[in-house]
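Asks: structure for this input, please:
(3 chains)
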Amino acid sequence: GAFAAPAMAQTNVTVSGLVDNYVGSMRMAGDASSSRVLNSGGMTTSWFGFKGTEDLGGGLKANFKLTSFIQADTGRQGRFPGDTLFSRDANVGLTGSFGGISIGRDLAPNFLPTILFNPFGDSFTFAPLILHADVPLFNASGWTNSLAGDTGWSNEIIYTTPNFGGFSANIHYQLGEVPGDNSKRNVGANFLYFAGPLALTGFYHNVKVNNPLNVPANNVQPAGNIPLPTGLTATEQKAWMLGGTYDLSVVKLFATYGQTSHDIALDDKTLSLGLSAPVGAGKVLASWANTKRTGSAIGADQKRNTTSIGYDYDMSKRTDLYAIVMNDRITNRDSGNSFGLGIRHRF
Amino acid sequence: GAFAAPAMAQTNVTVSGLVDNYVGSMRMAGDASSSRVLNSGGMTTSWFGFKGTEDLGGGLKANFKLTSFIQADTGRQGRFPGDTLFSRDANVGLTGSFGGISIGRDLAPNFLPTILFNPFGDSFTFAPLILHADVPLFNASGWTNSLAGDTGWSNEIIYTTPNFGGFSANIHYQLGEVPGDNSKRNVGANFLYFAGPLALTGFYHNVKVNNPLNVPANNVQPAGNIPLPTGLTATEQKAWMLGGTYDLSVVKLFATYGQTSHDIALDDKTLSLGLSAPVGAGKVLASWANTKRTGSAIGADQKRNTTSIGYDYDMSKRTDLYAIVMNDRITNRDSGNSFGLGIRHRF
Amino acid sequence: GAFAAPAMAQTNVTVSGLVDNYVGSMRMAGDASSSRVLNSGGMTTSWFGFKGTEDLGGGLKANFKLTSFIQADTGRQGRFPGDTLFSRDANVGLTGSFGGISIGRDLAPNFLPTILFNPFGDSFTFAPLILHADVPLFNASGWTNSLAGDTGWSNEIIYTTPNFGGFSANIHYQLGEVPGDNSKRNVGANFLYFAGPLALTGFYHNVKVNNPLNVPANNVQPAGNIPLPTGLTATEQKAWMLGGTYDLSVVKLFATYGQTSHDIALDDKTLSLGLSAPVGAGKVLASWANTKRTGSAIGADQKRNTTSIGYDYDMSKRTDLYAIVMNDRITNRDSGNSFGLGIRHRF
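Replies: Alright, predicted model coming up:
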């Protein structure tokens, strides 16, 4: 396709996405040394995809989404080896006065409450809350992410309520598809409330199925990829979180608190605090998350503290530059300092 | 991309596709129990892709297609592990007064005659004829699909005749690409004839090469993935089918009959009957297929009977809802009942 | 999407690509026999992808590219097993009066000088210079391509100078991302100069990292996939090439000369000569490349001579047909003759 008059037009589909790459030096808690990197997804996981909406009349609409995470530093598909092509979204649904229903692969109940209520948003690289919730460390620390079941669920039905004066909620159900055993499934819900300068959120989930891969099967312990010292594996996780933001104009304040528990003795408690403040054509961002991990399954208590400070400069509504420094600490592990300088472009 | 005036326009390519997801309970003949599922492709295998046509003048056109099967319940690419990215279509060609030629990966000769002459169309989940022809059962029954070589062929040249008063035909040739051995190839042909309420079809193929994977090599026995009791493998399959439909307005009738034979003693005979009837804003669909499998390679004769009844409701030209029940039986195996309730959206 | 008025428009992204398939008979030097094939990429490696540009004002623009190599004969993604989804391009950057910067996966410094200065362009099937530079032979000859590190680099920063009266240059740097070891990286540069009928080019690279796969790690010997007789592996390659073209209108002349050296005793010297001549609605193309491989790591000296002659007929600006014959010879190996007849369509 070239920059000429259209000979043929798209009617029903929008192609969109985001490319975010940064250069920096990364050292997480437990890493033996720093790595100079050029990586994808400093602020937002890069993606592309296809979306569309059809007006069915009477306020009813049909919708679909097919969107794909990518690693824009190497061109790899997915977030990690084995991720599915459209692990970000693969769903079809209806919206209307009744609210909405989505069928397929779509958000997990934890996703919107965690990314909307911390100042670094959906950064799986530098947002302390997201790192603690969703990103395992594959190093000597053996630290796994707190929330099981991924940030997207496959084989899922979501019912979304209408918006009641700023309040909306989502009910999530994932079929486990185990022949002869319907007890294997994920369930959860969340709510979002926006009222002027105030916003509130909360989620709950009960997870028995990993996503998008069911490896190792029957193991939903955080990350599901690192054996516990006791050799135990969890097959069920319950988690909840509450959060709020308040916008004082000169600064917006962020706070969340949440817990996880399992069918083994393993519990996480995570507190996060943050702020964003408009400065020049951008925003100063600062965030801290603290997770306390307890339970006989892991032996002695562990604590993790992660702090990020950054500046996000808007070149336009679609393109921004960012600079972020981060400190990451875990009990009895080497602490790590990281920084990144990047560009994010939406299309 | 957002819903604004175009800053830059597509000129030469159309992005299109289909997302079809359903919830239901599946139990095929030979399955030990039912599975509650949320699966992709209840009525049509979900896909997306890119197509374009260029007018070269003088009635000549250049065409390309790059289209991809997807599993919209998990976001996986392809129909099964190892399927290629553009296994639905990856071809370039010319059309004109001479007819058309396509070069690349494109339809197998069996595809259009089977999907156009049964009331459930290209449902690889609920259309009895398509299940018997194309979908192996990975369960205790060891039942494999009848037609070898896949519904699409790689490394293929198709010549399509012009339309002669409703009649057109396709000649298919797939190169085997075996160094020093040009005898390894697939050949086939089909025809389609439309005359008012009547339509007729037929295909023949001689298959020596699997698609899109050549695993196991030198084995084109149905599905190519389940060893025969005798340990034999077929390296060549011949198959043919004839079919017709007649539209009486209140009801459209469907019938096909076909056979396969191999270079070992293994023969399938498949009869299918069906009807569709407009009811309200949709259609009642009913179809039955019967396959008799014989030959010393499998020992005692086997029979499979599959029956589906459904209703397909059109919300618009692009979006429909469907509800289908199915019964599947194989000689000396547990029979299975399935049902699905789904939504299909074209874009 | 159908051929109707746009209900929703693309604003920020162009979908484009190229499908090139040919039928022919291939036998490279060292092959035991010929193979009849229907293959992708006779003239240009087939691809598709997404690109966009955003005007940021003041002459500054943001750009992204996500493009994917494909095999349009089978629908496979990538150029070879394990290639990444967007191995052709996965980058974001800025352009302005300062020149341009690209961050992500993008061209290697060898790419433009080699494809622009031989008459068969970016044909990885029939261009003698490109075959010698970039395409290993997986046959008895054990002949590997001369240039290490791929034609695209991951984790790369490119700085492009402004155009100074026809002269422009690119500086390339690829981070190796080895924890605690910043010496592992690729660096390179090239220039292009266009002045009326004359064009000149040159590149230099120092490669320590393979792309897009780092397998085998610590081995950048040509192709990195065939062990040397001595068991040695190279961990560093230096390479340079100079080239020029002169357009006499009735014929355009092409010439390049380049060398490689390694941290083991292994050196390649490649000379290529070529011409293109407008004939009818197309061009006659002819090209010859000669590589002399020396060094104790491989034992006795080896020579390879590859010659291609073809005709490329333009059906339109976007679609062409081509016919090419090729002869390939390596010291003490069976020589091979190949031919291909193909169609290439840009969209």
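Asks: can you name the residues of the stretch 201-347 of chain A sitting close to chain C?
Replies: A:315-316, A:318-319, A:342-347 (Cβ under 8 Å from any Cβ of the partner chain). C-betas here are computed from N, CA, C, even on glycine.
Asks: skipping adjacent residues, who's closest to A:T151 in space?
Replies: A:F111 (4.6 Å; Cβ to Cβ, 6 or more residues apart in numbering or on different chains).
Asks: go on, A:F194?
Replies: Using Cβ to Cβ, 6+ apart, the closest residue to A:F194 is A:G166 (4.6 Å).
Asks: how many other residues sit next to that neighbour?
Replies: 13 (other Cβ atoms under 10 Å in any protein chain shown).
Asks: before we move on, what about A:S25?
Replies: Neighbour number of A:S25 under other Cβ under 10 Å is 15.
Asks: list the contacts for it?
Replies: A:34-37, A:338-339 (Cβ atoms under 8 Å, 6 or more residues apart in numbering or on different chains).
Asks: how about a cut-off of 7 Å?
Replies: A:34-36, A:338-339 (Cβ atoms under 7 Å, 6 or more residues apart in numbering or on different chains).
Asks: surely A:I171 and A:A189 touch.
Replies: Yes. Using Cβ atoms under 7 Å, A:I171 is in contact with A:A189, at 5.1 Å.
Asks: so which of the contacts of A:S25 wins on neighbours?
Replies: A:S338 (22 neighbours).
Asks: list the strands paired with whichever strand or helix holds that one, with their directions.
Replies: For A:S338, the host element (DSSP states H and E) is strand A:336-346. Strand pairing for strand A:336-346, using DSSP bridges, gives strand A:14-26 (antiparallel), strand A:319-330 (antiparallel).
Asks: tell me the average confidence for the longest one?
Replies: Spelled out, it's strand A:14-26. The average of the pLDDT scores along strand A:14-26 is 97.
Asks: alpha carbons only: can I get it in PDB?
Replies: Extracted in PDB, the C-alpha atoms of strand A:14-26 (Å, rounded to 0.1, in the frame of the first residue of the first chain):
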ATOM      1  CA  THR A  14      -9.300  -1.200  12.300                       C
ATOM      2  CA  VAL A  15      -5.600  -2.100  12.400                       C
ATOM      3  CA  SER A  16      -3.900  -0.600  15.500                       C
ATOM      4  CA  GLY A  17      -1.200  -1.200  17.900                       C
ATOM      5  CA  LEU A  18       1.800   0.200  19.800                       C
ATOM      6  CA  VAL A  19       5.600  -0.100  19.500                       C
ATOM      7  CA  ASP A  20       7.600   0.700  22.600                       C
ATOM      8  CA  ASN A  21      11.400   0.100  22.700                       C
ATOM      9  CA  TYR A  22      14.000   1.400  25.200                       C
ATOM     10  CA  VAL A  23      17.700   1.200  25.900                       C
ATOM     11  CA  GLY A  24      18.900   0.800  29.400                       C
ATOM     12  CA  SER A  25      20.600  -1.300  32.000                       C
ATOM     13  CA  MET A  26      18.600  -3.800  33.900                       C
END
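Asks: which element follows that strand toward the C-terminus?
Replies: Per DSSP H and E, the helix or strand that comes after strand A:14-26 is strand A:35-40.
Asks: show me what the helix or strand following that next one is in contact with.
Replies: Per DSSP H and E, strand A:35-40 leads on to strand A:47-57 as the next helix or strand towards the C-terminus. With Cβ under 7 Å, 6+ apart as the test, strand A:47-57 has contacts from A:12-18, A:61-70, A:88-89, B:15, B:48, B:315-316, B:318-319, B:347, C:50, C:66.
Asks: can you list the strands that strand A:47-57 pairs with?
Replies: Strand partners for strand A:47-57, identified by DSSP bridges, are recorded as strand A:14-26 (antiparallel), strand A:60-71 (antiparallel).
Asks: can you lay out those strands as JSON lines showing distance to A:Y246?
Replies: Converted to JSON lines, the strands paired with strand A:47-57 look like this (distance: least, Cβ to Cβ, whole Å):
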{"stretch": "strand A:14-26", "distance to A:Y246": "28"}
{"stretch": "strand A:60-71", "distance to A:Y246": "32"}
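Asks: what's the closest of these to B:G295?
Replies: Closest approach to B:G295 among these is made by strand A:60-71 (43.3 Å; Cβ to Cβ).
Asks: now the closest one: mean pLDDT?
Replies: The average pLDDT within strand A:60-71 is 98.
Asks: the inter-axis angle of it versus strand A:35-40?
Replies: For strand A:60-71 against strand A:35-40, the angle by axes from the mean of the first three to the mean of the last three Cα atoms, to 10 degrees is 150 degrees.
Asks: how far away from the center of its chain is strand A:60-71?
Replies: Centre-to-centre, strand A:60-71 and its host chain are 17 Å apart (Cα atoms, centre = their mean, to the nearest Å).
Asks: which parts of that strand are buried?
Replies: Neighbour-count burial for strand A:60-71 flags A:60-71 (criterion: 16 or more other Cβ atoms under 10 Å in any protein chain shown).
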